[in-house]
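> sharing a model that was predicted from the sequence below.
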Amino acid sequence: MENKKEHTVHVGCDRGLCHQAVGRQDKQLNTYDWLADVPGNASTTDLVEVQFKHTRKGYYHNVNNLDLKKGDIVAVEASPGHDIGVVTLTGRLVKLQLKKVNIKSPDDIKRVYRIARENDIQKWNESKEREHSTMIESRKIAKGLGLDMKIGDVEYQGDGNKAIFYYIADERVDFRQLIKDLAQAFHVRIEMKQIGARQEAGRIGGTGPCGRELCCATWMKNFSSVSTNAARFQDISLNPQKLAGMCAKLKCCLNYEVDDYVEAGKQLPPKEVLLQTQDGDYHLFKSDILAGLCTYSTDKNIAANCETITAERAKEIIEMNRRGEKPVSLTHDDSKKPETKVHIDLAGGDISRFDKAKKKKKKKNKNNNRQPNDKKEHKDAQ
């Protein structure tokens, strides 16, 4: 009860949003539950999402019908023993999350035992304090065995009976002897889990060059391959230092807009085509793909006498060159006649024209004032 009360104080209802949906943004891969304040949302399914250290999540059945809210610390079924985690999602959205993680077998979904007791949380905190020292010691053991691998993180199970060692390796590693040495050194059940450089960056977290938290630590659950072609399509300089992320791999964000750039690039003229005008020949120097603008230079290698035109205008000139015609210049369009603008002199003319308008207005008002009298005279005459 004390932990639950403390959580409520921390969360609050900032900016008018439901605290059950937002929760504290201290969890990686946090999901905003936009159905949290809908009546009956939690009762639609007994599935709940539970998060453990960093980006490790699990999905469990609330078989005991516990009143679980986002932020509750629970004890869940593990193999062997039990694990301790934090509830991060309840209700209908949990089913959608199950599709993303691609859980096919119902046996993979275990049970929620109970809301964590005080002694459960105490043992959980003691296990977490041992993780860093265990990681340093395990690296020494792996180095002593001459294994070509890097142990990036260690996570103890909530009951302290099991430890997961996350490692990175370029090639297959025979760690049978390593498991024996680790079990003898730490007296726990050992599980080795291989991860990639992107998953390691997501577990550690950090801030990217854009100034925001890493995508892999905030919302990305699946990683797609990124190639240098994505940078070429977007006309980005192939500088390895700028294209690499915190994981030393190509940035995942290179894939975000590449489809738009590919579609927009189809509307641009070919790069190798030369534009011929009466002024001279022009080479494509650079392109603004999304804006549809092309900058041409008279020199093939450097910027000289640059002219910026639209992609449509460049295609028109290419078509003219095929017919053997040359426009006057890149920007001058011979087919369009220049529009003649009529000059209006506002200060010119007869100044007394305003006086004439006033005289007409006064005369009109005078006639309107005389109408009732005319009607009276006509009535008397009758």
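Yep, that arrived.
> can you pull out the low-pLDDT segments for the stretch 201-350 of the chain?
Counting by pLDDT under 70, the stretch 201-350 of the chain has low-confidence residues at 333-350.
> rerun that using 50 as the cut-off
Scanning the stretch 201-350 of the chain for pLDDT under 50 picks out no residues.
> ranges for the strands of it?
In the stretch 201-350 of the chain, the strands defined using DSSP state E, counting those that start in this stretch lie at 275-276, 281-288, 293-297, 307-310.
> for the nearest residue to residue 215 once chain neighbours are set aside, which residues are in contact?
Distance criterion Cβ to Cβ, 6 or more residues apart in numbering; nearest residue to residue 215, sequence neighbours excluded, is residue 252 at 5.7 Å. Using the backbone N, CA and C atoms, a C-beta is placed for each residue, glycine as well. Contacts of residue 252 were listed using Cβ atoms under 8 Å, 6 or more residues apart in numbering, and they are 198, 215, 216, 220, 223, 224, 226, 245.
> closest to residue 119 among the residues you listed?
When those are ranked by distance to residue 119 (Cβ to Cβ), residue 216 comes first, at 34.9 Å.
> burial of that closest one, as a residue count?
Neighbours of residue 216 under the rule other Cβ atoms under 10 Å: 26.
> what residues does it make contact with?
Counting by Cβ under 8 Å, 6+ apart, residue 216 has contacts 55, 198, 199, 201, 202, 223, 247, 252.
> looking at those residues, which has the most residues close by?
For those, neighbours tallied by other Cβ under 10 Å; top is residue 202, 25 neighbours.
> what's the spacing between that one and residue 195?
9 Å (Cβ to Cβ, to the nearest Å).
> so what's in contact with those two at the same time?
In contact with both residue 202 and residue 195: no residue, using Cβ under 8 Å, 6+ apart.
> domains of this protein?
Using automatic domain parsing, the domains assigned to the chain come out as 2-117, 130-200, 224-266, 267-365.
> quick one: average confidence on the longest one?
In this model, domain 2-117 carries a mean pLDDT of 77.
> quick one, strands of the stretch 1-150 of the chain?
Using DSSP E, counting those that start in this stretch, strands in the stretch 1-150 of the chain cover 47-51, 57-61, 73-77, 82-90, 110-115, 150-156.
> tell me which of these lies nearest to residue 207.
For residue 207, the closest of the strands of the stretch 1-150 of the chain is strand 150-156, at 18.7 Å, according to Cβ to Cβ.
> buried ones in that closest one?
Within strand 150-156, the residues that count as buried by 16 or more other Cβ atoms under 10 Å are 151, 152, 153, 154, 155, 156.
> of all those, which comes closest to residue 268?
Among these, and counting by Cβ to Cβ, the member closest to residue 268 is residue 152, at 43.4 Å.
> would you check how far apart the residue nearest to residue 215 and residue 128 are?
Applying Cβ to Cβ to residue 252 and residue 128 gives a distance of 29 Å.
> same question, residue 215
26 Å.
> repeat that for residue 184.
Taken as Cβ to Cβ, the span from residue 184 to residue 128 is 22 Å.
> helices of the stretch 51-200 of the chain, start to end?
Listed in chain order, the helices found in the stretch 51-200 of the chain under DSSP state H, counting those that start in this stretch are 93-101, 118-129, 131-144, 176-186, 197-204.
> any chance of the ones you listed in JSON lines, with distance to residue 169 too?
Listed next are the helices of the stretch 51-200 of the chain as JSON lines, based on distance: least, Cβ to Cβ, whole Å:
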{"stretch": "helix 93-101", "distance to residue 169": "24"}
{"stretch": "helix 118-129", "distance to residue 169": "26"}
{"stretch": "helix 131-144", "distance to residue 169": "10"}
{"stretch": "helix 176-186", "distance to residue 169": "11"}
{"stretch": "helix 197-204", "distance to residue 169": "11"}
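> buried set for stretch 102-120?
Residues of stretch 102-120 classed as buried: 110, 112, 113, 115, 116, 120 (neighbour count, 16+ other Cβ under 10 Å).
> quick one: the fifth one and residue 75 touch, right?
To tie it back to what came earlier, the one meant is residue 116. Yes: counting by Cβ atoms under 8 Å, residue 75 is a contact partner of residue 116 at 5.1 Å.
> now do the shared contacts for these two.
Taking Cβ under 8 Å, 6+ apart as the criterion, residue 116 and residue 75 both touch residue 84.
> check contacts around the most centrally placed residue in the chain.
Central residue of the chain (Cα atoms, centre = their mean): residue 215, 6.9 Å from the mean position. Neighbouring residues of residue 215 by Cβ under 8 Å, 6+ apart: 208, 252, 253.
> for the residue lying closest to residue 120 once chain neighbours are set aside, what are its contacts?
Closest residue to residue 120 apart from its sequence neighbours, by Cβ to Cβ, 6+ apart: residue 75 at 5.5 Å. Residue 75 is in contact with 82, 83, 84, 112, 113, 114, 115, 116, 117, 120, 158, counting by Cβ under 8 Å, 6+ apart.
> tell me the spacing between the third one and residue 114.
Counting by Cβ to Cβ, the gap between residue 84 and residue 114 amounts to 11 Å.
> turn the strands of the stretch 1-150 of the chain into a markdown table, columns for distance to residue 292.
What follows is the strands of the stretch 1-150 of the chain, written out as a markdown table (distance: least, Cβ to Cβ, whole Å):
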| stretch | distance to residue 292 |
| --- | --- |
| strand 47-51 | 44 |
| strand 57-61 | 43 |
| strand 73-77 | 55 |
| strand 82-90 | 43 |
| strand 110-115 | 55 |
| strand 150-156 | 45 |
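> looking at the ones you listed, which is closest to residue 281?
strand 150-156 (55.6 Å).
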